[in-house]
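Q: The sequence isn't on hand, but the structure is:
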């Protein structure tokens, strides 16, 4: 089993290094095929490992001693338990699909090889993140995915907006990573180890305040990676990257790393209900908040990005309520249908020459039948309609919220479910049905390559059927995650299902009804709420106004007043002093032997003085 | 008693002679005074029971070195007074005086005397030259030979430098000089 | 009674006379004379220490110093003659080729 573990871990790295060799060369399809093949190999290994751990086994290897200094001992170890195996399965599945899809999507890009190098490097980092058996390894992977995310968002670095978005994502993540790092330090200082099992074994006898601090700081890291409020703005801007990147990194894998962290550290979070409750509340807030922004946005990819944000909120609610396995389950199903949705959006973008405004589309269903079908499937899954995957996981979250008497959270999530259904189908309706507006703008849409559609097929299948594995999944992860049985009366349960389905269905119905008739009237766009939502609650503006600008001003002050007048002046002073003393002492070098002899005499005098006053024998 | 008289007498003469050497304007006077001072110093060596050293001092210094200087001076115009532009004479005396003061302080103060033990004690009943010979040819044999080689090298260097072709410089030869020579 | 200190102080005084010469004289020949004085002053010190501590090492050093002084004179005088032939003077102020 160790062999499979190593294959799953290092195959992406090998692919990345191979592709990196050709990074500056013109497009070479071999890099795409090689990395995809290696990813496929990694996927097979992941599946084998998943089968292996299905019945309670665990694979634990220690690659080498990594850091062994003083009291600090961190082995470079990897563990594959049920949670990791699930994550590995999700990561390798989505990334294999995305790799194959990218060969078509990036077909005409001149940095084709570089793209695959970074994409595979990302998968490797993500594997390190999920497979590590300690916090240090997790952090390495965490930073690795951050780096790859930066490189891939800014993949088209010649566009200013892309490099700006990349930097924004990177900087926001750094802010959060500082919190995470503090959390890890706290863990090390107080638990004396970074190994998960050793840390979790000591949770019971630690101070409660300490646990609150540890979990809070770790959650700050998770907030950054998973783009939770108030560090959420980067995710929407990250859509500047190529669409396969958005599908892989900003929908399916990297942004779920925060959820993974909370799930992985569940013994810590279980011990502090306060923080967990905060996590749940923030999750619910973000779910509603992001969904509301998605309602009005006109940008194809941003709508999906906000929906990702919203779904991450769902996951955090589940994790915060202690239903870790549901969070993981939703993470998995969400990865499938959201990646599918993004890849479909990629097809649409390709067809529309990278146009993103959904109001310039419409009626594409005729030209892009298969893309339409795939995206509708994904949207149905996202909306949570039976029997698609989203239904099972989302319903479980709502059930958990209701069963633990968090009715407010339940209400928020319930409303969000309706909004989700609405904006998903708003997107579908505006893009694929109705008036063929693209003709006005002179686009000539065409269906994507066949193999791209085939590559999306596995995701479509999973998006449809993944929900039916609910019980076997629960059984599997029950080896590592606490499973709480929610006791809801059978009648209440069915009522909940019907109510949830009802609001989702009505959301879809409203969207279909409204947008088949040309959408809402223009008057809507004048209202305050529309403007508020369209401008993302003015949060980017507030950040710019109250954080960026004062910071820039502060930096300017430090530059002009501190650096130039104090630091530079000091350095200059030292330099001029030395320079001047050099000029002054130049007379010594007169070349006149007699003068030199006298200077020598002075030196002798000084040495004599020193000998008298600092004599060692005295 | 005799030792004290001798010491003070020799000291006075030596200091006077060396002062003349340093201060005199005439190079010939200087050299003569220096030779006299050297003889006086050999007197100190005899007082200090270093007979061999005293003899060597007379032979080498007063004999060889001074003769060498005397011959060397024949090349220079020594009858004239030496013209020297002495800048800041006070500084010279200040520096030297301070050095002297410090040296005296350092030497009078009982700094080192407690820490000295004899490495090669004088053998009782053996004359000084004999004792010197024993040490010189046992412990200091290698330095002695090296000193001999050094003297040989110095002799050759002296001959080469001051040898026949005294109208040419060996050390400061400029390229044109060679070319001129070649043209001739 | 003449003690070691007497000799050492004498040695120091002679050394400083030599120093005065070194600092003061501009004539190369007289400069060499001054160095001879310095060396001799040190020799007295060595011989005195040798006597008062009953150790021959001091005399050995004085002996080697005499050897070194002899070679120094041979080479130094040679160089001086060369210099005089080239420049016609032994004044230190005429040697400024090392001007920085």
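A: All right, it came through fine. These numbers come from a predicted model, not from an experiment.
Q: just how off-centre is the helix ranked longest in chain A within its chain?
A: Using DSSP state H, we find that the single longest helix of chain A is helix A:160-191. Relative to its chain's centre, helix A:160-191 lies at 11 Å (C-alpha atoms, centre = their mean, to the nearest Å).
Q: Stretch A:22-36 too?
A: 26 Å.
Q: can you give me the mean pLDDT across that stretch?
A: What stretch A:22-36 shows for mean pLDDT is 85.
Q: show me the residues around the residue nearest the centre of chain C that make contact.
A: Residue closest to the average C-alpha location in chain C (C-alpha atoms, centre = their mean): residue C:35, at 2.5 Å. Neighbouring residues of residue C:35 by C-beta atoms under 8 Å, 6 or more residues apart in numbering or on different chains: C:18, C:22, C:72. The C-beta positions use only the backbone N, C-alpha and C, and glycine is treated the same way.
Q: From chain A, how far off is it?
A: Between residue C:35 and chain A the distance, using C-beta to the nearest C-beta, to the nearest Å, works out to 11 Å.
Q: where's that residue, which helix or strand?
A: Element membership for residue C:35 (DSSP states H and E) is helix C:28-53.
Q: And the next helix or strand past that helix?
A: Where DSSP H and E defines the elements, the next helix or strand beyond helix C:28-53 is helix C:57-87.
Q: Do that following helix and chain B come into contact?
A: Yes: contact of helix C:57-87 with chain B (C-beta under 8 Å from any C-beta of the partner chain) involves C:57, C:59-60, C:62-64, C:66-75, C:77-82, C:84-86.
Q: Only whichever of the residues you listed are buried, select them in PyMOL.
A: Command for PyMOL, covering only those of the residues of helix C:57-87 next to chain B found buried under the criterion 16 or more other C-beta atoms under 10 Å in any protein chain shown:
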select buried, chain C and resi 57+59+60+62+63+64+66+67+69+70+71+72+73+74+75+77+78+79+80+81+82+84
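Q: for the residue at minimal distance from the centre of chain B, helix, strand, or coil?
A: A centroid search over chain B (C-alpha atoms, centre = their mean) returns residue B:61, at 6.7 Å, as the residue closest to the centre. The three-state label given to residue B:61 by DSSP: H, G, I helix; E, B strand; the rest coil is helix.
Q: picking up where we left off before, so which other helices or strands are in contact with the longest helix of chain A?
A: Packing partners of helix A:160-191 (3 or more C-beta pairs under 8 Å, 6 or more residues apart in numbering or on different chains; DSSP states H and E): helix A:135-153, helix A:196-201, helix A:208-225, helix A:233-237.
Q: got TSV for these, with distance to chain B, mean pLDDT and mean neighbour count too?
A: What follows is the helices and strands packed on helix A:160-191, written out as TSV (distance: least, C-beta to the nearest C-beta, whole Å; pLDDT from 0 to 100; neighbours: other C-beta atoms under 10 Å in any protein chain shown):
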stretch	distance to chain B	mean pLDDT	mean neighbour count
helix A:135-153	58	91	23
helix A:196-201	61	87	16
helix A:208-225	62	90	22
helix A:233-237	73	86	23
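Q: Same list as before, those that is, but in JSON lines and with distance to chain C included.
A: Shown next, in JSON lines, are the helices and strands packed on helix A:160-191 (distance: least, C-beta to the nearest C-beta, whole Å):
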{"stretch": "helix A:135-153", "distance to chain C": "54"}
{"stretch": "helix A:196-201", "distance to chain C": "68"}
{"stretch": "helix A:208-225", "distance to chain C": "61"}
{"stretch": "helix A:233-237", "distance to chain C": "61"}
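Q: now those helices as a markdown table including distance to residue A:474?
A: Below are the helices and strands packed on helix A:160-191 laid out as a markdown table (distance: least, C-beta to C-beta, whole Å):
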| stretch | distance to residue A:474 |
| --- | --- |
| helix A:135-153 | 25 |
| helix A:196-201 | 21 |
| helix A:208-225 | 23 |
| helix A:233-237 | 29 |
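Q: Which one, of the ones you listed, ends up nearest to residue A:43?
A: Counting by C-beta to C-beta, residue A:43 lies closest to helix A:135-153 out of these; the figure is 18.3 Å.
Q: I would like the residues contacting the strand ranked longest in chain A, please.
A: Counting residues, the longest strand found in chain A (DSSP state E) is strand A:59-69. By C-beta under 8 Å, 6+ apart, the residues outside strand A:59-69 that reach it are A:1-2, A:5-6, A:49, A:52-53, A:73-80, A:133, A:136.
Q: Nice, that's everything, thank you.
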